[in-house]
Every structure is written in structure tokens, then in C-alpha cells.
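>>> Quick one: sequence and predicted model below, then my questions.
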Amino acid sequence: MTVLISVDPSIKDFGWAVFLVDDKRKVCGYSDSGFIRFSSKVSWEERIDESVDSIGEATKGWGKGSGGSGGLLGAIEHPEPYASARGEAAKNTGATLKLMAQAWSIRAAMRANGGRVTMTTPTGWKGQTNKDHTARRMLRAWGLNFDNHNECDAVGIGTWYIREILGYRLTGR
């Protein structure tokens with residue numbers, strides 16, 4: 001059995017999702033998901049450290065050939081520059097660079113545990129769809145509703161990876 005962990009890093013919340021991959025049958029099932037909410041009083045360095053520590057701890061023992069598992073896969077969203085007022089504001093505050101550091105630090109933690117990690121941009125996995133459309137897609141795919149859009153996006157990133165990168169079918173929860 002292989003484990004896929006998908007991640008949607010964010011300034012306020014860090015969304016994550018776990019899927020179990022049956023390589024023999026070429027199917028994947030949803031296992032769990034959630035989010036970590038950062039205190040506004042926590043520095044960026046502490047947010048990155050908490051993100052990396054959480055993923056590092058969660059992925060221990062799942063690397064290729066360890067613990068009898070089939071391996072660890074990762075799918076992580078990283079920011080892309082936007083040609084919009086929102087993108088300009090993010091650029092001016094350094095938020096895009098901070099999110100990029102967070103995403104690539106999480107990738108390094110997964111790789112340190114033997115994971116094979118794919119990075120994608122928001123438009124790379126969902127095109128130009130908005131948060132509500134992604135939520136409807138995840139309701140159709142898994143029968144799940146989410147209160148937190150970063151958790152929903154993490155499930156969406158994993159679902160994209162399963163369908164588009166692995167070419168596997170989705171199974172029930």
C-alpha cells in the first residue's frame with residue numbers, strides 16, 4: 001500500500017489530505033484530511049517549522065521500501081504570480097515568497113522521508129475554477145463537505161494527482 005499526502009499551504013491555514021493507494025488494483029481511497037490553523041502571533045519562520053515538523057512526523061516510515069509499505073507520494077500546491085491586484089498585494093508583502101518557502105520546505109521534509117513529490121500551481125490542478133466549484137467537485141467525488149477551503153483544496157489536489165498523474169480510479173472512503 002502506498003500513501004499519498006496532498007498539501008495546500010496557506011498564510012492562515014495549512015490544509016492536508018491522506019489517500020491510500022492500491023497500486024495493484026490501480027485505485028485510491030480517501031483516508032483523512034484536516035487543517036492546521038496558525039496563530040496570527042506566530043512568525044513565518046515558526047509557521048514553516050510547524051508545517052515541516054507536522055509533515056515530517058506524519059510521513060516517517062512511509063518512504064519507499066521502509067516499514068513494509070509501498071511508499072510515500074506527495075502532491076503540494078505552490079503559489080504562482082497573479083497578474084491582478086491580489087497578486088500585486090501578495091508580492092508587495094512578500095507573501096508569495098513566504099508561501100513558496102513553506103511549500104518547498106514541506107517538499108524537502110517529504111523527500112527526506114523517501115517520498116516522491118509533485119509540485120503544482122493552483123491553475124495546474126484546478127484551472128481557473130473558484131473555491132465553490134472545487135467544493136462541489138469534492139462533494140461529487142467523495143461525498144464530503146468542508147468548512148475550511150484549504151482542507152478542501154488539499155483533497156482536490158490529491159484527487160487531481162490520483163486521476164491525472166497516476167491515472168487511477170477513485171474508490172469510496
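Received the coordinates, thanks. Numbers count the residues shown, from 1 in each chain.

>>> now the helices: where do they sit in this protein?
44-59, 85-93, 95-112, 122-126, 131-142, 149-160 (DSSP state H).

>>> Reformat those into JSON lines and put mean neighbour count next to each item.
(Glycine included, C-beta is placed from N, CA and C.) Below are the helices of the chain laid out as JSON lines (neighbours: other CB atoms under 10 Å):
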{"stretch": "helix 44-59", "mean neighbour count": "17"}
{"stretch": "helix 85-93", "mean neighbour count": "12"}
{"stretch": "helix 95-112", "mean neighbour count": "18"}
{"stretch": "helix 122-126", "mean neighbour count": "18"}
{"stretch": "helix 131-142", "mean neighbour count": "16"}
{"stretch": "helix 149-160", "mean neighbour count": "26"}
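
>>> among those helices, which is nearest residue 15?
Proximity to residue 15 (CB to CB) singles out helix 149-160 among these, at 3.2 Å.

>>> Identify the residues contacting stretch 142-154?
For stretch 142-154, contacts defined as CB atoms under 8 Å, 6 or more residues apart in numbering pick out 6-8, 10, 12-17, 30, 33-35, 77, 126, 131, 134-135, 138-139, 155, 159, 170, 173.

>>> Please repeat the previous calculation with a cut-off of 6 Å.
Applying CB atoms under 6 Å, 6 or more residues apart in numbering, the set of residues contacting stretch 142-154 from outside is 6-8, 10, 13, 15-17, 30, 33-35, 131, 134-135, 138.

>>> low-scoring pLDDT stretches of the chain, where are they?
Residue ranges of the chain with pLDDT under 70: 63-69, 81-93, 173.

>>> can you do 80?
Residues of the chain meeting the criterion pLDDT under 80: 60-70, 81-94, 172-173.

>>> I'd assumed residue 3 was in contact with residue 19.
No. Judged on CB atoms under 6 Å, residue 19 makes no contact with residue 3 at a distance of 7.3 Å.

>>> Look at those two and report which has more neighbours.
For the pair residue 19 and residue 3, the greater number of neighbours falls to residue 19 (27 against 20), based on other CB atoms under 10 Å.

>>> Might you report the residue contacts of that one?
With contact set as CB under 6 Å, 6+ apart, residue 19 has these partners: 4, 28, 30-31, 158.

>>> repeat that for 10 Å
2-6, 28-33, 73, 75, 142, 155, 158-159, 161-162, 166, 168, 170-171 (CB atoms under 10 Å, 6 or more residues apart in numbering).

>>> Fine, thanks again, bye for now.
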